[in-house]
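Trainee: What would the 3D arrangement of this be:
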Amino acid sequence: MSTAIDQFRKLINDCQRAVVFTGAGISTESGIPDFRGPNGLWKKMKPIDFQEFVRSEEARQTSWQRWFEHGQGLLTANPNAGHFAVARWVEMGKVSAVITQNVDNLHQESGVPEERVIELHGNATYAKCLDCERVIALESIAAQFRESGRVGPCDSCGGIVKTATISFGQMMPEEPMRRAEEETLASDLFIVLGSSLTVYPAAGFPRMAYENGTKLVIVNQQPTDMDSMADLVIHREIGNTLQGLLDRNTV
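Mentor: All right, here's what the predicted structure looks like:
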């Protein structure tokens with residue numbers, strides 16, 4: 001492992017503009033379950049499609065009930081060593097952007113500036129109206145749900161209120177996708193942390209980096225279909241791996 005760590009250190013030290021791409025694996029170390037993993041929630045219950053959410057009042061209330069039963073751990077989780085290591089790289093000018101599939105806001109909480117985080121699947125720590133795009137605190141929605149057992153329409157326009165995440169069947173956000181492509185093509189090192197690289201179109205960015213001639217590092221507990229493309233693959237916990245880099249004066 002020391003050889004892999006030394007190689008990782010050299011790749012970081014030699015790069016001018018790295019991009020970090022994160023998936024659920026970096027946040028499971030903060031106690032957040034991987035909803036799509038082998039034992040994830042979506043293996044136990046069928047996800048509610050976006051069109052069904054919009055069309056059906058019953059589906060909307062079921063979705064909110066699931067959120068209050070299973071999703072609130074996102075609001076109490078704290079960043080771990082992996083998040084703080086990424087924030088350190090950003091602070092030192094090594095990493096220009098963090099592209100994340102996660103919706104937990106932990107990169108921002110670890111100290112990465114909001115403008116450096118590109119959220120491909122949205123953010124689950126607040127809600128939005130689908131019509132007027134008003135941002136709504138989850139605390140007020142939780143209070144409403146506790147009182148009435150349901151989440152009503154937007155107070156401002158009467159539109160549908162939903163967590164600010166990208167659901168199954170929902171269009172990917174245009175601006176984050178554009179920014180992610182721009183950052184990927186401008187990078188000279190692309191670091192994947194904790195992604196199975198099976199969820200598209202997000203997983204297309206590491207492949208794009210590889211095809212653009214960018215050096216590729218993958219740190220993930222399990223093998224991925226893109227391991228053969230990478231310059232370095234480490235199958236190990238992210239927090240311990242990145243903390244080991246920083247503890248040994250990586251940058």
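
Trainee: in this protein, which spans are strands?
Mentor: 18-22, 95-100, 117-119, 122-129, 135-137, 161-165, 189-193, 215-219, 232-234 (DSSP state E).

Trainee: Show me where this structure has its helices.
Mentor: 2-14, 24-28, 41-44, 50-55, 57-66, 73-76, 81-91, 106-109, 138-148, 174-186, 204-211, 238-247 (DSSP state H).

Trainee: between the ones you listed, which gets the lowest average pLDDT?
Mentor: Mean pLDDT across these is lowest at helix 41-44; the value there is a mean of 52.

Trainee: re the thing from before, kindly reformat the strands of the chain as JSON lines containing mean pLDDT and mean neighbour count.
Mentor: Just so you know, the C-beta spots here come from the backbone N, C-alpha and C atoms, and that holds for glycine as well. Supplementary listing: the strands of the chain in JSON lines, determined by pLDDT from 0 to 100; neighbours: other C-beta atoms under 10 Å:
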{"stretch": "strand 18-22", "mean pLDDT": "98", "mean neighbour count": "27"}
{"stretch": "strand 95-100", "mean pLDDT": "98", "mean neighbour count": "25"}
{"stretch": "strand 117-119", "mean pLDDT": "98", "mean neighbour count": "24"}
{"stretch": "strand 122-129", "mean pLDDT": "94", "mean neighbour count": "20"}
{"stretch": "strand 135-137", "mean pLDDT": "95", "mean neighbour count": "14"}
{"stretch": "strand 161-165", "mean pLDDT": "95", "mean neighbour count": "20"}
{"stretch": "strand 189-193", "mean pLDDT": "98", "mean neighbour count": "26"}
{"stretch": "strand 215-219", "mean pLDDT": "98", "mean neighbour count": "23"}
{"stretch": "strand 232-234", "mean pLDDT": "97", "mean neighbour count": "18"}
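
Trainee: Please convert those to CSV, extending it with distance to R207.
Mentor: As requested, those are arranged in CSV below (distance: least, C-beta to C-beta, whole Å):
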stretch, distance to R207
strand 18-22, 11
strand 95-100, 13
strand 117-119, 17
strand 122-129, 22
strand 135-137, 33
strand 161-165, 24
strand 189-193, 10
strand 215-219, 9
strand 232-234, 15
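
Trainee: Looking at those strands, spot the one closest to A81.
Mentor: Nearest to A81 among those is strand 189-193 (11.6 Å), distances taken as C-beta to C-beta.
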